[in-house]
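Undergrad: The following block contains a protein sequence and its predicted model.
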Amino acid sequence: MTATPPETPDAELLLATGCAHCGVVLQGLTELIKDGLLGHLEITNIAARPQRAEELKVRSVPWTRLGPFILEGQHSVGELRKWAQRANSIEGMSEYIAEELKQGNLDKLIKLLKASPQQLRALIPLLENEETEMQVRIGIDAILESIDDKSQLAQLIPELSQLAAHKSPRIRADISYYLALTDSPDAIPALKKLSEDESEEIRDIAREGLQRLTEA
């Protein structure tokens with residue numbers, strides 16, 4: 001039986017007359033269309049159609065939406081190709097989140113993930129990797145704390161529960177806190193195990209989480 005190939009992502013480009021960098025991005029996206037890495041490309045010149053920029057709250061161009069990714073400024077065809085090839089993978093979104101957090105684009109990511117909560121699962125590979133940089137971990141804290149709809153966090157409980165047995169005490173401590181953030185009784189079994197952890201700090205975090213969930 002032949003496997004179904006992943007869906008080819010679409011792209012949208014906002015540019016403007018006289019933009020020095022827009023032509024490079026337009027040429028790169030056009031190459032991806034020709035190579036079959038993009039299925040559809042929508043182009044708007046905001047000098048002639050400013051309402052589209054207003055809808056998206058875009059203040060500078062070139063601005064590119066490539067699959068789930070928002071890319072601002074000039075990007076080479078190689079960079080655009082990389083994101084097109086990663087558009088349908090959790091690994092690609094994980095890489096995108098890490099890069100954006102390193103660049104200080106926290107608010108941008110919070111907006112993106114609130115609009116597409118299914119992408120929250122891309123945080124899991126970053127959480128479980130002991131080499132994830134502290135700046136990225138702090139950003140993940142802020143992202144998860146910003147989610148008002150706790151049902152969106154609850155979808156992560158199976159993955160978070162698996163990470164509750166991670167060998168790294170730092171990661172287990174983080175997971176204890178994130179499980180409590182879900183406000184879901186489904187997180188209680190994992191928190192009960194963490195409340196018996198060898199680390200006193202983790203036990204305390206887990207017990208606080210259990211108290212929060214019990215009161216909720």
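TA: All right, it came through fine.
Undergrad: Asp10 contacts Ile33, doesn't it?
TA: No: using Cβ atoms under 8 Å as the test, Asp10 is too far from Ile33 to be in contact (10.1 Å). C-beta here means a position set from N, CA and C on the backbone, and glycine is covered the same way.
Undergrad: Which residues are in contact with each of these two?
TA: Taking Cβ atoms under 8 Å, 6 or more residues apart in numbering as the criterion, Asp10 and Ile33 both touch Leu41.
Undergrad: What is the longest helix belonging to the chain packed up against?
TA: In the chain, taking DSSP state H as the definition, the longest helix is helix 200-215. Taking 3 or more Cβ pairs under 8 Å, 6 or more residues apart in numbering; DSSP states H and E as contact, the helices and strands that helix 200-215 lies on are helix 169-181, helix 188-194.
Undergrad: mind putting the ones you listed in CSV, distance to Glu55, mean pLDDT and mean neighbour count included?
TA: Listed next are these as CSV, based on distance: least, Cβ to Cβ, whole Å; pLDDT from 0 to 100; neighbours: other Cβ atoms under 10 Å:
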stretch, distance to Glu55, mean pLDDT, mean neighbour count
helix 169-181, 32, 97, 21
helix 188-194, 41, 97, 19
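Undergrad: how about these, which one is nearest Gly209?
TA: Evaluated over the helices and strands packed on helix 200-215, closeness to Gly209 peaks at helix 169-181, with 3.0 Å, by Cβ to Cβ.
Undergrad: Now do the domain split for the chain, please.
TA: Per automatic domain parsing, the domain ranges recorded for the chain read 10-85, 89-148, 150-216.
Undergrad: Let me know which of the helices and strands packed on helix 200-215 is the nearest to Ile124.
TA: Proximity to Ile124 (Cβ to Cβ) singles out helix 169-181 among those, at 10.3 Å.
Undergrad: contact partners of the closest one?
TA: By Cβ under 8 Å, 6+ apart, the list of residues contacting helix 169-181 from outside reads 127-128, 130, 137, 141, 144-145, 147, 150, 153, 156-157, 160-161, 163-166, 187, 190-191, 194, 197, 199, 201-202, 205-206, 208-210, 212-213.
Undergrad: Now do that helix against helix 200-215: the angle between them, please.
TA: Angle of helix 169-181 versus helix 200-215, following axes from the mean of the first three to the mean of the last three Cα atoms, to 10 degrees, is 10 degrees.
Undergrad: just to revisit the earlier point, what mean pLDDT does the longest helix of the chain get?
TA: What helix 200-215 shows for mean pLDDT is 95.
Undergrad: which parts of that helix are buried?
TA: By 16 or more other Cβ atoms under 10 Å, the buried positions in helix 200-215 come out as 202, 205-207, 209-210, 213.
Undergrad: before we move on, what about stretch 23-32?
TA: By neighbour count with 16+ other Cβ under 10 Å, stretch 23-32 contains the buried residues 24-26, 28-29, 32.
Undergrad: quick one: the nearest residue to Gln152 once chain neighbours are set aside and Gln162, what's the gap?
TA: Spatially, and ignoring its direct neighbours in sequence, Gln152 is nearest to Pro117 (4.1 Å; Cβ to Cβ, 6 or more residues apart in numbering). The spacing between Pro117 and Gln162, counted by Cβ to Cβ, to the nearest Å, is 20 Å.
Undergrad: ok, now Gly39?
TA: Distance of Gly39 to Gln162, given as Cβ to Cβ: 35 Å.
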